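# Give me a 3D structure for the following:
(one chain, ligands or ions: 2)
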Amino acid sequence: MALLEARGLTIRFGGHAAVDGVDLDVARGCVTGLIGPNGAGKTTIFNAITGLQEVNRGTLMLDGRDITQESPRRRARLGIARTFQQLEVFGSLSTRENILVAAEIRRRWARDLRADPDHDADVILDRVGLRAVADDRADTLPTGLARLCELGRALAARPRLLLLDEPASGLSDRETARFAELLRSLVAEGTAVLLVEHDVGLVMDVSESVNVLDYGTVLAVGTPAEVRQDQAVLDAYLGDGSTRARHAPVRVRETDRGAEQPARRVHVPPAVPMLELRDVTAAYGKIEVLHGIDLALPRGAVVALLGPNGAGKSTTLKVASGQIAPRSGCIHLGGRHVNGAAGHALTRVGLCAIPEGRGVFPNLTVRENLVMATYAGFSLGPIEERTYAFFPRLEPRRSQLAGTLSGGEQQMLAMARALVTDPVALLLDEMSMGLAPLVVDELYGLVADVARSGVSILVVEQFAHIVLGVADFAVVMVQGRITAAGRPTDIQAGLSSAYLGANA
Ligand SMILES: Nc1ncnc2c1ncn2[C@@H]1O[C@H](COP(=O)(O)OP(=O)(O)OP(=O)(O)O)[C@@H](O)[C@H]1O
Ligand SMILES: [Mg+2]
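Ligands and ions are numbered 1, 2, ... in the order given. Alright, predicted model coming up:
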């Protein structure tokens with residue numbers, strides 16, 4: 001008997017069944033994979049298992065006991081722990097304190113007087129590899145490490161069933177390999193792990209069996225090898241690598257603008273870089289994190305900014321987009337010195353930045369989020385049309401609150417909002433985070449198209465191999481400095497060395 005057995009699980013939102021008669025087994029001592037396109041119902045299933053979401057029909061059995069009507073708290077005490085797709089850490093606490101709080105809580109409810117939460121926290125810090133950032137505030141951790149912090153917190157409850165919702169997104173290739181080792185050691189101790197992850201390589205590598213979900217139903221279940229060869233799975237989720245050619249390019253630049261034209265746009269002679277950072281340093285408080293960055297973003301080019309977690313990539317984007325002022329050095333947009341210009345002023349001249357995994361207003365509907373883009377002087381009709389042409393999933397959800405969209409659907413909305421406003425320069429942070437492989441493939445095809453139409457694009461991406469396929473130039477950053485720059489082919493050799501792990 002599997003530790004967790006779900007039978008006929010059905011969850012409706014309005015008239016729409018997000019999960020529709022799902023059977024799912026999660027066995028002890030192994031990793032069970034749960035994959036599927038964005039909006040397939042994966043996170044909703046997690047919510048149902050943990051009791052955050054009521055089910056309309058079906059049963060959930062844990063260790064032979066019916067838990068369908070149990071409270072979330074009770075289920076946690078029975079040994080179910082999870083991580084969240086949209087990170088949930090206590091930002092103002094340190095990494096260690098985040099884990100310690102969970103260990104203290106467990107000691108109390110388990111009435112385990114022999115437990116030593118301090119000791120537990122230390123063991124877990126080492127186990128998840130966060131010793132070096134134990135005293136850092138959780139809200140200063142790069143996404144990948146914050147996810148490990150969340151995992152550490154889940155482990156402090158000593159779960160029998162661990163539900164992981166995209167734990168590896170934001171991890172570099174090398175960190176992902178280390179994470180796979182951690183999963184193996186957890187299941188070797190008997191823990192049952194249910195893993196939702198768009199990094200299919202990881203899922204196939206660590207899972208004993210894989211369930212593929214599509215439109216709320218189980219499309220396939222089997223060993224990784226079986227699932228990988230399943231034609232329906234290839235069509236719905238994995239693709240065969242030729243999707244880019246199949247999809248007609250969406251020409252974002254050929255837009256019919258609304259009546260009111262936006263304010264001045266940047267016009268640059270071809271030889272001048274669209275965006276340039278010269279000897280830029282930046283600091284958080286007293287700690288300098290960028291130490292003299294030189295970076296040029298040519299017109300109509302895609303530049304990939306690569307490097308391990310904590311290298312300073314996101315900070316570089318924040319400085320370039322006016323969210324953080326540089327401590328010294330110069331920033332030029334279209335040949336003009338723009339240090340100190342506020343983010344919104346830069347937006348008005350055509351610079352658009354999408355922050356890592358964020359950027360939608362959760363309490364507005366999809367359509368209202370798109371209305372926000374009309375303030376830049378575009379009319380809603382064409383914006384909606386182009387958004388739904390590229391992301392058809394969003395069209396039937398136009399009246400849904402953005403905060404209730406699936407993780408990937410939110411990312412699509414953030415991307416759409418940026419792409420449809422006809423930017424001259426786009427700064428993309430971890431664009432692939434949370435998106436299904438087919439969508440990532442299509443999105444990078446779109447990025448290449450957008451660049452060809454004259455937009456300059458700077459991309460931060462943990463999956464070096466994806467972005468190098470479309471980049472014209474690549475820059476590698478380590479510890480706040482640029483250590484290599486050139487054509488992708490030139491820097492590829494250096495990439496497989498220390499910084500990004502062997503399979504970058
Ligand atoms: N409260 C809600 N109201 C309406 N629809 C909802 C609500 N919550 C989720 N949905 C819809 O249910 C579907 C399943 O969402 P879910 O978050 O489970 O997808 P997912 O498989 O986790 O996708 P992703 O890979 O993008 O995270 C989505 O289409 C989503 O928009
Ligand atoms: Mg999800």
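# For ligand 2, what's the nearest residue on the chain?
Closest to ligand 2 within the chain is Thr43: 3.2 Å, counting by C-beta to the ion. C-beta here means a position set from N, CA and C on the backbone, and glycine is covered the same way.
# Counting neighbours, which bits of stretch 34-43 end up buried?
Within stretch 34-43, the residues that qualify as buried are 34-43, counting by 16 or more other C-beta atoms under 10 Å.
# Surely Gly239 touches Val440?
No - Gly239 lies out of contact with Val440 (C-beta atoms under 8 Å); the separation is 9.5 Å.
# hmm, back to that, inside strands: which ones of the buried residues of stretch 34-43?
Residues from the buried residues of stretch 34-43 lying in strands, with DSSP state E as the criterion: 34-35.
# Mind telling me what element the spatially most central residue of the chain is part of?
Central residue of the chain (C-alpha atoms, centre = their mean): Met433, 2.5 Å from the mean position. Taking DSSP states H and E as the definition, Met433 sits outside all helices and strands.
# Now do the same for it: its pLDDT.
Note for Met433: predicted pLDDT of 81.
# Touching, it and Arg147? I think so.
No - in this structure Met433 lies outside contact range of Arg147 using C-beta under 8 Å: 10.6 Å.
# For the two, list the residues in contact with both.
Applying C-beta atoms under 8 Å, 6 or more residues apart in numbering, one finds that Met433 and Arg147 are jointly contacted by 169-170.
# Could you point out the helix or strand that follows the helix or strand bottoming out on mean pLDDT in the chain?
Least confident helix or strand, the chain: helix 243-246 with a mean of 39, by mean pLDDT, DSSP states H and E. Beyond helix 243-246 on the C-terminal side, the first helix or strand identified by DSSP H and E is strand 275-284.
# so how far is that next one off the chain centroid?
25 Å (C-alpha atoms, centre = their mean, to the nearest Å).
# Kindly report the same for stretch 96-116.
30 Å.
# What average pLDDT does that stretch get?
Stretch 96-116 comes out at a mean pLDDT of 91.
# Check stretch 29-42 too.
Stretch 29-42 comes out at a mean pLDDT of 96.
# and that stretch, anywhere near ligand 1?
Yes - on the criterion C-beta under 6 Å from any ligand atom, stretch 29-42 is in touch with ligand 1 at 36, 38-42.
# Span of that stretch from start to end?
21 Å (C-alpha to C-alpha, to the nearest Å).
# In contact with the closest residue to Pro488 other than its chain neighbours, which residues?
Take Pro488 and drop its neighbours on the chain: the residue closest to it by C-beta to C-beta, 6 or more residues apart in numbering is Leu468, 4.3 Å away. Contact partners of Leu468, counting by C-beta under 8 Å, 6+ apart, are 304, 474, 488, 492.
# So which elements touch the helix or strand Val476 falls within?
Assigned by DSSP H and E, Val476 falls within strand 473-478. Under the contact criterion of 3 or more C-beta pairs under 8 Å, 6 or more residues apart in numbering; DSSP states H and E, strand 473-478 touches strand 302-306, strand 481-486, helix 488-495.
# quick one: the helices in the stretch 151-300 of the chain?
Under the criterion DSSP state H, counting those that start in this stretch, helices of the stretch 151-300 of the chain are mapped to 173-188, 200-206, 224-229, 231-233, 243-246.
# and stretch 16-36, anywhere near ligand 2?
No - if you take C-beta under 5 Å from the ion as the test, stretch 16-36 misses ligand 2, and the best it gets is 9.4 Å.
# In that stretch, which of the residues would be classed as buried?
For stretch 16-36, by 16+ other C-beta under 10 Å, it's 17-20, 22, 24-28, 30-36.
# Repeat that for stretch 471-480.
471-478, 480.
# swap in stretch 210-230?
210-221, 224, 227, 230.
# Check the offset of that stretch from the chain's centre.
22 Å.
# Not counting its own residues, what contacts stretch 68-81?
49-52, 55, 58-60, 62-63, 65, 67, 109-110, 154-155, 157-163.
# try 6 Å this time
When contacts are defined by C-beta atoms under 6 Å, 6 or more residues apart in numbering, stretch 68-81 is touched by residues 50-52, 59-60, 62, 67, 109, 154, 157, 159-162.
# Leu333: neighbour count?
25 (other C-beta atoms under 10 Å).
# How about the contacts made by it?
Leu275.
# Any idea how far stretch 176-186 is from the middle of the chain?
19 Å.
# Buried residues, it. List them.
176-177, 179-180, 182-183, 186.
# Distance check, Gly445 against Phe390.
According to C-beta to C-beta, to the nearest Å, Gly445 stands 10 Å off from Phe390.
# still on that earlier bit, save the contacts of Leu468 as CSV, and put in distance to ligand 1 and pLDDT too.
Listed next are the contacts of Leu468 as CSV, based on distance: C-beta to the nearest ligand atom, whole Å; pLDDT from 0 to 100:
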residue, distance to ligand 1, pLDDT
Ala304, 24, 94
Ala474, 28, 93
Pro488, 28, 89
Gln492, 30, 75
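# helix/strand/coil for Pro326?
Secondary structure of Pro326, reduced to three states by DSSP: H, G, I helix; E, B strand; the rest coil: coil.
# Isn't it up against Asp279?
No - at 9.3 Å, Pro326 does not count as touching Asp279 under the criterion of C-beta atoms under 6 Å.
# which of the two has more neighbours?
Regarding Pro326 and Asp279, a neighbour count based on other C-beta under 10 Å identifies Pro326 as having more, with 22 against 12.
# Run through the residues that contact the more buried one.
Contacts of Pro326 by C-beta under 6 Å, 6+ apart are 280, 282, 319.
# possible to save those as TSV with distance to Ala132, neighbour count and pLDDT?
As requested, the contacts of Pro326 are arranged in TSV below (distance: C-beta to C-beta, whole Å; neighbours: other C-beta atoms under 10 Å; pLDDT from 0 to 100):
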residue	distance to Ala132	neighbour count	pLDDT
Val280	26	23	95
Ala282	21	22	94
Val319	25	25	92
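# The stretch 1-150 of the chain: helices as residue ranges?
Using DSSP H, counting those that start in this stretch, helices in the stretch 1-150 of the chain cover 42-50, 72-77, 95-110, 117-128, 143-156.
# in the sheet, who's paired with Cys330?
Beta bridges link Cys330 to Arg278, judged by DSSP bridges.
# Kindly report the residues of the chain close to ligand 1.
Going by C-beta under 6 Å from any ligand atom, the residues of the chain near ligand 1 are 13, 18, 36, 38-44, 85, 397, 400, 404-409, 434.
# where's Phe106 relative to ligand 1, distance?
Actually, residue 106 is Arg. It isn't Phe. Counting by C-beta to the nearest ligand atom, to the nearest Å, the gap from Arg106 to ligand 1 is 27 Å.
# I'd say that residue and Leu155 touch.
No - judged on C-beta under 6 Å, Arg106 makes no contact with Leu155 at a distance of 10.1 Å.
# Looking at the two now, which is surrounded by more residues?
Higher neighbour count among Arg106 and Leu155: Leu155, with 23 against 20, using other C-beta under 10 Å.
# Surely that one is in contact with Asp126?
No - contact between Leu155 and Asp126 fails when scored by C-beta under 6 Å: they sit 11.6 Å apart.
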